[in-house]
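Chemist: Just need the structure, nothing else, for what follows:
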Amino acid sequence: MHKRMTITLDEAVYEGLYRTIGKRRMSQFIEDLLRPHVLDTSLDDGYRAMAADQAREDEALEWCNALAGDVADEAR
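Modeler: Presented below is the predicted three-dimensional model:
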């Protein structure tokens, strides 16, 4: 959910932002700049890095499949 807010910027900063980013993209640009400073994203970054490691993902999938087989054997 997004919240609307009003901020005050120096006119030169606003004009530079408008020229560089464009009117319709200012909010997202500002949010992208602020996010790492106000939210702890280190856990998310770590998960992204792990997901990008294909060898690790293959090993995790193999482990999960073996675990599922163990659970199926116990159910019998």
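
Chemist: going forward, measure contacts between C-alpha atoms and count neighbours the same way
Modeler: Noted.

Chemist: Return the distance of the residue positioned nearest the centre of the chain relative to residue 64.
Modeler: Computing the C-alpha centroid of the chain and ranking residues by C-alpha atoms, centre = their mean puts residue 44 first, at 6.1 Å. For residue 44, the distance to residue 64 (C-alpha to C-alpha, to the nearest Å) stands at 22 Å.

Chemist: Check residue 41 too.
Modeler: To residue 64, residue 41 is 26 Å away according to C-alpha to C-alpha.

Chemist: now swap in residue 49 and tell me
Modeler: Between residue 49 and residue 64 the distance is 19 Å, computed by C-alpha to C-alpha.

Chemist: So for stretch 6-22, what gets flagged as buried?
Modeler: Neighbour-count burial for stretch 6-22 flags residue 17 (criterion: 16 or more other C-alpha atoms under 10 Å).

Chemist: Figure out how far that stretch is from the centre of its chain.
Modeler: Put simply, stretch 6-22 sits 26 Å off its chain's centre (C-alpha atoms, centre = their mean, to the nearest Å).

Chemist: swap in stretch 57-66?
Modeler: A distance of 24 Å separates the centroid of the chain from that of stretch 57-66, by C-alpha atoms, centre = their mean.

Chemist: Same question for stretch 37-44.
Modeler: Counting by C-alpha atoms, centre = their mean, stretch 37-44 comes out at 9 Å from the chain centroid.

Chemist: Quick one: end-to-end distance for that stretch.
Modeler: This stretch, stretch 37-44, spans 14 Å end to end (C-alpha to C-alpha).

Chemist: Could you list the residues in contact with the helix or strand where residue 44 lies?
Modeler: Residue 44 belongs to helix 42-52 when elements are defined using DSSP states H and E. Contacts to helix 42-52, defined as C-alpha atoms under 8 Å, 6 or more residues apart in numbering, come from residues 56-57.
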